[in-house]
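Okay, predicted coordinates and the sequence, questions at the end:
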Amino acid sequence: AKFTSCFSFPTGSLLLAVHFYSSPRAAPLIPSTALGVLLLILSALLAYAGIRRSPRNASLLLSLCLTISAFWCGYGVTFILAGQGALGDAGDLRDAVVPGLATFAVALLLVAVVGLLCREPILALISGATSLASAHDVAARHSHTLGSSAVACNYLIVSLLGGYFALGRILYFLTKGKMALPGTDLAKKKSREQTQATSGSTNPFAATGLILNMLWAGVFGCRLLGITNKLSVGQAPWLWAAGIYQIGICILSYRAMDVLMATSFGFTSILKFAGGYCLLYPVWQPEEPSFPTPFLVVFSILFAILALFLSLRSPLDGLYLLVYVASCLALACHPKGFFAGGPQGVAVAVFVASALIVLIHLYDVKAGARIPTGRGKGAVKALLACSSFLKLREGPDLHAPYLGYSKYADAEALAFACSVLASSALTATGDPQAPLATVVIPWVVVAGGILKLLGGSVAFARGKTLESSAFILYAVMWIIWGLARYGGLYGSTRSFHSAVGITAFMLFNGFIVFCTLFLNITWFFYSLTFMLVTLSFFLDAIHALPTGYDMAATLSFGLVSFYCFLSALSNSIFEGPCLPMGGPIVQLGGVGGGTSKCLHLPARKASSVKRIADILRSGGTCGVPTDTVYVLVAACNRPDAVEKAHRSKRQAQDRPMSLWISSLKQLEPAKHLFTPLLWDFMEAAWPSPISLVVPRGEWVDFLGMKDSAKYVGTPQSVAIRIPDCSVTTHLIDLVGPIVVTSANPTGEADTTHHNQVYAKLGDKVDAVLCDGPSPENIASTVVDCTKIDSGNIGFFRVGLVPKSQV
């Protein structure tokens, strides 16, 4: 990732320079097909570099990498189509490439302007030269008198600038930051790009997602403005490349903990795939496809609701989404959809609005100051302060999952919205003889399938196993049914195999319905109404579908999904359940039933360790990660907490609690009470997963154990250890020596994940420090050192460290 972007810029630009220098010839040096394949490879490398590049100190480089990657991806596919003769004459090729070239000329110009304002001259020159090359390419395709030399010259400048940037980065890396060419030291700007205190952190990927919105609007806006003569199949690569990249931006936005923008990018990616489908349809049929009106009305409602919630965080971004509300309504009013003038006029408005928001987002993320556009939520907070019911969620753990740390924000709002869209698309009544003529497949397959798979994957990453299983199962069902029913594969005759396949889905969903009884009421009805939808599929397959049943089942599922969408959005914005999901229908006895007050804090944050230390000092018990498995700890100087830990564990007498310290310095005052051999052995053994059972003596009093001593060890000995885990030792430094026992009831398996701590101990633990899976599945080795001075040691338990190493 350090050098991929550096070499991709000059390599791709040099290929394009060679192509345009030789294009006047009858046979160019690089064939169009080969050039297209090379651009696709370089675009993938550039996208990898943009994703891997840390946005904390290189947000402009990130945006530039992803933007040019999307540019080369769409451009490369058009070169491949031209090389294979799929675009016909020069006019078709011009209509195919001009919308993308014009859009990226404007987008890269915006990047260049921000680069100059933020004192990034090399990146500004690279983006500016690429923008100028695209503009010259557009002009040359409209007027052959201009020739292609200017385009090649600009790409040659980009190649030279990219080579200079690559040389600077290599020099910086080889000298370990001691030397760097002017303009190539990205670390200098790091302090100016600290995260803002809005909802989580500023999303560095939002600008690229908005540029992709410009690309979608540019394809249809160019037709209205007369820049292109017609909408053709050659423009589909731009739309589908934008759709694919925008799904990637959606995922990256979830990683940036930006739920609302990620949801909006998921929505707009659906429109891009739908537009590409419409441009591809004339390949099969000469007429233009038609749009289902009810679906687009529902889509506009979802956009409007998302705009309302987004305006609570950023009024300007919420206002921006209203142009998509207008776009959906314009499509609903014109059966021919994107081919009509009304939707194309709205597309021009989307292009202009997107360009403005791109400029603002690029500058706000990169610069130290923010453009005063009213994007802050001070006015919203002042308005909500008058309400005791609504309060915006804030803080560093805004999107932390209930059971600990996750790299992704919650994607349930997008998944539920996709269920609404897919169910509303099923209400469309198309022509059985021409099922592809009605645009349904993009809504069902992309919304109900691909984006729901995304939601399921994110839910799994957040530890929501049941929810992720449901989303993934439903996504597979939507994809298979959508392609079969609306792709012309189903036909008028039904198959026994279809009924068997649907029955299998119903069996799986029946298990999910049963499990949701223990989750909450809303999820139960969500899975139950989907069972009704699959039942309608089954009845249709066996020719026994009652009139109107499929419509009723689909609408029921859509309404329940709509409530879930509203609930997920409101819970991500406001504190407290404004639209509650309800409690479980069947209450589990013991652990897991009901809502817990147990805190789950990410171990990667120093503030989390400090909060755990405060809880321990206040007499609480906490589950913490170690160098082996998770353990339950209490402060030594809090006998009440030690007794609580003892009771919560149902501690067996033959498995006493142990004592942990952070360094031998804590035992220095009592060093004279240990034999020299035992002290030397402790110095050699620690820190490590080795617990040493040493004779109990007066040294215990030096650790301030007081009345806690009766719960630790036996009357004759105490197990003591220094863990080889920086988080745990830092916690001990803050609290002092701690009493430790395994985080599971006596006799059960060791706890190897923070999710299991609360699952096993329930409300008996006050907080859990979450660090994901434990590094080992084996506990520490316990060594008997009570007779070490006579030359003998024993083993109570051989754990992670083998006997030979001890």
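Received, thanks.

next SSE after the helix or strand bottoming out on mean pLDDT in the chain?
The weakest-scoring helix or strand in the chain, judged by mean pLDDT, DSSP states H and E, is helix 378-384 (a mean of 57). Going down the chain from helix 378-384, the next helix or strand is helix 412-425, by DSSP states H and E.

just checking, what packs against that following helix?
Judged by 3 or more Cβ pairs under 8 Å, 6 or more residues apart in numbering; DSSP states H and E, the packing partners of helix 412-425 are helix 259-280, helix 293-313, helix 452-461, helix 465-486, helix 521-541, helix 549-573. Every residue, glycine included, has its C-beta placed from N, CA and C.

chain center to the longest helix anywhere in the chain, what's the gap?
In the chain, assigned by DSSP state H, the helix with the most residues is helix 90-117. Taking Cα atoms, centre = their mean, to the nearest Å, one finds the center of helix 90-117 at 28 Å from the center of the full chain.

Number the chain from 616, please
In the new numbering, first residue 616, that becomes helix 705-732.

Give me the buried stretch members for whichever helix or strand comes after that helix, please.
For helix 705-732, the following helix or strand on the C-terminal side (DSSP H and E) is helix 736-757. Burial within helix 736-757, assessed by neighbour count using 16 or more other Cβ atoms under 10 Å, is assigned to 737-753, 755-756.

Make CSV out of the helices and strands packed on helix 1027-1040 and add mean neighbour count.
What follows is the helices and strands packed on helix 1027-1040, written out as CSV (neighbours: other Cβ atoms under 10 Å):
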stretch, mean neighbour count
helix 874-895, 26
helix 908-928, 20
helix 1067-1076, 23
helix 1080-1101, 21
helix 1136-1156, 20
helix 1164-1188, 20
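
possible to save those helices as TSV with distance to A1218 and mean pLDDT?
Formatted as TSV, these follow (distance: least, Cβ to Cβ, whole Å; pLDDT from 0 to 100):
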stretch	distance to A1218	mean pLDDT
helix 874-895	23	92
helix 908-928	28	90
helix 1067-1076	17	90
helix 1080-1101	21	87
helix 1136-1156	29	91
helix 1164-1188	24	90
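
Tabulate those in JSON lines, adding columns for distance to S1405.
Shown next, in JSON lines, are the helices and strands packed on helix 1027-1040 (distance: least, Cβ to Cβ, whole Å):
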{"stretch": "helix 874-895", "distance to S1405": "64"}
{"stretch": "helix 908-928", "distance to S1405": "70"}
{"stretch": "helix 1067-1076", "distance to S1405": "54"}
{"stretch": "helix 1080-1101", "distance to S1405": "53"}
{"stretch": "helix 1136-1156", "distance to S1405": "63"}
{"stretch": "helix 1164-1188", "distance to S1405": "64"}
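
Just tell me which of those ends up closest to K1220.
Checking the helices and strands packed on helix 1027-1040 against K1220 by Cβ to Cβ gives helix 1067-1076 as the closest, at 18.5 Å.

Which elements pack onto that closest one?
helix 851-870, helix 1027-1040, helix 1080-1101.

That helix vs helix 1027-1040, what angle?
For helix 1067-1076 against helix 1027-1040, the angle by axes from the mean of the first three to the mean of the last three Cα atoms, to 10 degrees is 150 degrees.

so helix 1067-1076 versus helix 1164-1188, what angle?
Going by the same axes, to 10 degrees, helix 1067-1076 makes 50 degrees with helix 1164-1188.

Next, the angle helix 874-895 makes with helix 1067-1076.
With the same axes, to 10 degrees applied, the angle from helix 1067-1076 to helix 874-895 works out at 150 degrees.

who touches helix 1067-1076?
862, 865-866, 869, 881, 1021-1027, 1029-1030, 1033-1034, 1037, 1082-1087, 1089-1091, 1093 (Cβ atoms under 8 Å, 6 or more residues apart in numbering).

show me the contacts for the residue lying closest to A1028 once chain neighbours are set aside.
Closest residue in space to A1028, ignoring its immediate chain neighbours: A1183 at 3.9 Å, by Cβ to Cβ, 6 or more residues apart in numbering. Residues near A1183 by Cβ under 8 Å, 6+ apart: D1025, E1027, A1028, F1031.

and with 6 Å instead?
E1027, A1028, F1031 (Cβ atoms under 6 Å, 6 or more residues apart in numbering).

Looking at the residues you listed, which is nearest I1305?
Nearest to I1305 among the contacts of A1183: E1027, at 44.4 Å, using Cβ to Cβ.

How much space separates the closest one from S1176?
From E1027 across to S1176, the span is 11 Å (Cβ to Cβ, to the nearest Å).

Apart from its neighbours in sequence, what residue is nearest F622?
That would be A781: by Cβ to Cβ, 6+ apart, it lies 5.7 Å from F622.

Quickly find the element holding that neighbour.
Element membership for A781, per DSSP H and E: helix 764-789.

And for L830?
helix 821-839.

repeat for G1078
Judged by DSSP H and E, G1078 forms part of no helix or strand.

and it, how many neighbours?
20 (other Cβ atoms under 10 Å).

Assign a three-state SS to G703, would you?
Under the three-state scheme (DSSP: H, G, I helix; E, B strand; the rest coil), G703 adopts coil.

From H759, how far off is it?
Taking Cβ to Cβ, one finds G703 at 18 Å from H759.

between the two, which one's more packed in?
Using other Cβ under 10 Å, the more surrounded residue of G703 and H759 is G703, with 15 against 10.

Look up the pLDDT of that one for me, please.
Predicted confidence (pLDDT) at G703: the value is 75.

Enumerate the positions of the helix holding A781 that are buried.
765-781, 783-785, 787.

now that helix against helix 705-732, angle please.
Using the same axes, to 10 degrees: helix 764-789 against helix 705-732 is 40 degrees.

angle of helix 764-789 against helix 736-757?
Using the same axes, to 10 degrees: helix 764-789 against helix 736-757 is 160 degrees.

and helix 764-789, what's its mean pLDDT?
In the prediction, helix 764-789 has an average pLDDT of 84.

which strands and helices sit next to that helix?
With contacts taken as 3 or more Cβ pairs under 6 Å, 6 or more residues apart in numbering; DSSP states H and E, helix 764-789 sits against helix 619-637, helix 736-757.
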